[in-house]
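> The amino acid sequence is not available; the structure is as follows:
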């Protein structure tokens, strides 16, 4: 191993005896609990339909960003459509979703909506199989729906070019996995001995330290954390995305993981970081709720405006945050219509005050929502 004289977390004599200073965590715990209370208070004052939209946005972020952390980029519209179809949320026309998207969505919904159900080997194997429906990770054949066997050498987290790679972490050997995962599952399904949010942080760390699969360990570790957060919230609905916040702080995430996994089991710094990141995720959810409410107000104002299905779809895309400039060419591509039809759609909405020409210059005329009340 390339870890010098230091031991990895799982090599400590008292592993897995998690040690942390609850007194030092009292402040972060109180802060994130207060932020959760404020968010839930706001959500209690909006209708079921708007809560469903807020949950859909949070879950979409969670699915997209947990994959992005690992360098995999899913189509957000496909993810949103898959979630909406499964949750019964009406978002108009649905985008097609491939097997990879469906697998990540199924894992995330099972973790959050069925958070109270026991976590078993078979359940984790099902999540893993959903992440790798072809049996391959990129071009590498991997062991799907079963623990790794280390046939190609020890499981290591590395970075850098081939030949000059740096080892950040080495996981327990495969011949220990049956015992190690058995102990983890007994803990997660047993009577809680920790505060719920502390438990979520430990579960995330514990699973990613075991690294029991050939690939997908980070995504499944975050799903385990989400399951424990769902238990803490006592709600099958999600209104914030921890993975989205981790993606924003990706370098710090990997740095605190490496420091903790090369430690001796004192995990107060990891838990402080976890709680702080969770707090920032909940604060970000307030902005998501603002966007949901603003969208609802806009549609209330546009309620009497005649629109065809294509126009409704594109207005929704603009309200959800459109990347770049909306041109007639992009309209035609998204709505799957001819350029003439796209221009006619845009002209009608401009005449009705829904759209206006963008003031920003460019080679092509672009359009934006006219948010000035009419």
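Done, it's in. Remember, it's a predicted structure, so these values are computed and weren't measured experimentally.
> tell me the contacts of residue 180?
Shown in contact with residue 180 (CB atoms under 8 Å, 6 or more residues apart in numbering): 10, 172, 210, 212. Using the backbone N, CA and C atoms, a C-beta is placed for each residue, glycine as well.
> Next, the second one: phi, psi?
This points to residue 172. Main-chain dihedrals, residue 172, degrees, to the nearest 10: phi -60, psi 150.
> Could you verify my assumption that it touches residue 7?
No: counting by CB atoms under 8 Å, residue 172 stays clear of residue 7, with 12.0 Å between them.
> If you count surrounding residues, which of the two has more?
Each of residue 172 and residue 7 has its neighbours counted (other CB atoms under 10 Å); residue 172 has more, 22 against 15.
> all helices for the stretch 201-350 of the chain, in order.
Counting by DSSP state H, counting those that start in this stretch, one finds helices in the stretch 201-350 of the chain at the ranges 217-233, 242-248, 250-261, 268-301, 309-319, 328-335, 339-351.
> Could you export those as a markdown table, including mean neighbour count and mean pLDDT?
As requested, the helices of the stretch 201-350 of the chain are exported to a markdown table (neighbours: other CB atoms under 10 Å; pLDDT from 0 to 100):
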| stretch | mean neighbour count | mean pLDDT |
| --- | --- | --- |
| helix 217-233 | 23 | 96 |
| helix 242-248 | 22 | 96 |
| helix 250-261 | 16 | 96 |
| helix 268-301 | 18 | 93 |
| helix 309-319 | 18 | 89 |
| helix 328-335 | 18 | 92 |
| helix 339-351 | 16 | 95 |
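> now those helices in TSV, with distance to residue 154?
Formatted as TSV, the helices of the stretch 201-350 of the chain follow (distance: least, CB to CB, whole Å):
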stretch	distance to residue 154
helix 217-233	14
helix 242-248	26
helix 250-261	14
helix 268-301	23
helix 309-319	47
helix 328-335	47
helix 339-351	55
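> Residue 37 is nearest to which of the ones you listed?
Minimum separation from residue 37 across these (CB to CB) falls at helix 268-301, 9.6 Å.
> can you give me the strands in the protein?
For the chain, strands defined by DSSP state E occupy the ranges 136-137, 140-141, 156-159, 166-170, 326-327, 355-357, 366-369.
> so what's residue 84 closest to, chain neighbours aside?
Of all residues not flanking residue 84 in the chain, residue 91 sits nearest, at 4.6 Å (CB to CB, 6 or more residues apart in numbering).
> how much space between the one you found and residue 62?
Relative to residue 62, residue 91 is positioned 17 Å away (CB to CB, to the nearest Å).
> Compare those two (neighbour count), which wins?
Higher neighbour count among residue 91 and residue 62: residue 62, with 27 against 18, using other CB under 10 Å.
> nearest residue to the more buried one other than its sequence neighbours?
Residue 62's closest residue in space is residue 241 (CB to CB, 6+ apart), at 4.2 Å.
> pLDDT score for the one you found?
pLDDT, residue 241: 95.
> Show the contacting residues for the spatially most central residue of the chain.
Per CA atoms, centre = their mean, the C-alpha nearest to the average position across the chain is that of residue 62, at 1.8 Å. In this structure, residue 62 makes contact with 108, 226, 238, 241-244, judged by CB under 8 Å, 6+ apart.
> mind giving me CSV with those residues and columns for distance to residue 299?
What follows is the contacts of residue 62, written out as CSV (distance: CB to CB, whole Å):
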residue, distance to residue 299
108, 27
226, 30
238, 23
241, 24
242, 29
243, 29
244, 25
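> Just the closest of these to residue 279, please.
Taking CB to CB as the measure, residue 242 is the one of the contacts of residue 62 closest to residue 279, at 10.4 Å.
> contacting residues for the closest one?
Residues near residue 242 by CB under 8 Å, 6+ apart: 62, 222, 225-226, 229, 277-278, 281.
> Let me know which of the helices of the stretch 201-350 of the chain is the nearest to residue 167.
helix 250-261 (10.1 Å).
> So which elements touch that closest one?
With contacts taken as 3 or more CB pairs under 8 Å, 6 or more residues apart in numbering; DSSP states H and E, helix 250-261 sits against strand 166-170, helix 196-210, helix 268-301.
> if we go to 6 Å?
Applying 3 or more CB pairs under 6 Å, 6 or more residues apart in numbering; DSSP states H and E, we find helix 250-261 packed against helix 268-301.
> now the angle from the helix it packs on to helix 217-233?
With axes from the mean of the first three to the mean of the last three CA atoms, to 10 degrees applied, the angle from helix 268-301 to helix 217-233 works out at 70 degrees.
> what's helix 268-301 packed up against?
Where contact means 3+ CB pairs under 6 Å, 6+ apart, helix 268-301 is packed against helix 22-44, helix 48-68, helix 196-210, helix 242-248, helix 250-261.
> Out of those, flag the one nearest residue 352.
Residue 352 lies closest, by CB to CB, to one member of the helices and strands packed on helix 268-301: helix 48-68, at 24.2 Å.
> Buried residues of the closest one, list them for me.
Within helix 48-68, the residues that count as buried by 16 or more other CB atoms under 10 Å are 50-68.
> and that helix, average pLDDT?
For helix 48-68, mean pLDDT is 92.
> Just checking the distance from that helix to the centre of its chain.
8 Å (CA atoms, centre = their mean, to the nearest Å).
> Count the residues that sit near residue 214.
Residue 214: 22 surrounding residues under other CB under 10 Å.
> cool, residue 85 as well?
A count of nearby residues for residue 85, using other CB under 10 Å, gives 14.
> just to revisit the earlier point, tell me the spacing between the residue nearest to residue 62 and residue 317.
Distance from residue 241 to residue 317, by CB to CB: 20 Å.
> contacting residues around residue 206?
Applying CB atoms under 6 Å, 6 or more residues apart in numbering to residue 206 gives the contacts residue 184.
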